[in-house]
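Novice: I would like to see how this sequence folds:
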Amino acid sequence: MTLVLLYLVVLVLIAVVLFALGSVLFGRGEPLPPLPRETTATVLPASGVTGADVDALKFTQTLRGYKTSEVDWVLDRLGAELDQLRGQLTTLRAAYGIEDADEAAPEEGAHALPATQESEA
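Specialist: Model (predicted):
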């Protein structure tokens, strides 16, 4: 019984030494400070939003999902960008006498509807 207790004490001492050594070598792993209030880590370019920009978006998660103000801001920005681009497209089509090509097949790509939804849409 004494031998088992001695092994257990030696095992605990080795674990404490290894833990202390690891803590000294690798540090405490201090977290980043929180963002200041009313700021966000959600970033979009000032103009020329691309699909890659949207794919790279990160939203702050809260208790009930994502932070609503961030998602609303991104959707407002994307909506304004789309309206601006469609306005420019309409102006250019009118200037060059190009007819609206709504009958064209949807483009295949990362942001196209999946095949099952394309037939329903």
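Novice: in which helix or strand does residue 52 reside?
Specialist: helix 51-55 (DSSP states H and E).
Novice: any idea of the mean pLDDT for that helix?
Specialist: Throughout helix 51-55, pLDDT has a mean value of 81.
Novice: next SSE downstream of that helix?
Specialist: strand 61-62.
Novice: after that following strand comes which helix or strand?
Specialist: strand 65-66.
Novice: residues of the next helix or strand after that next one that come out buried?
Specialist: Downstream of strand 65-66, the next assigned helix or strand under DSSP H and E is helix 68-96. By neighbour count with 16 or more other Cβ atoms under 10 Å, helix 68-96 contains the buried residues 70, 74, 77, 81. In this view, the C-beta of every residue, glycine as well, is placed from N, C-alpha and C.
Novice: the first one contacts residue 44, correct?
Specialist: No - in this structure, residue 70 is not within contact of residue 44 by Cβ atoms under 8 Å, at 10.6 Å.
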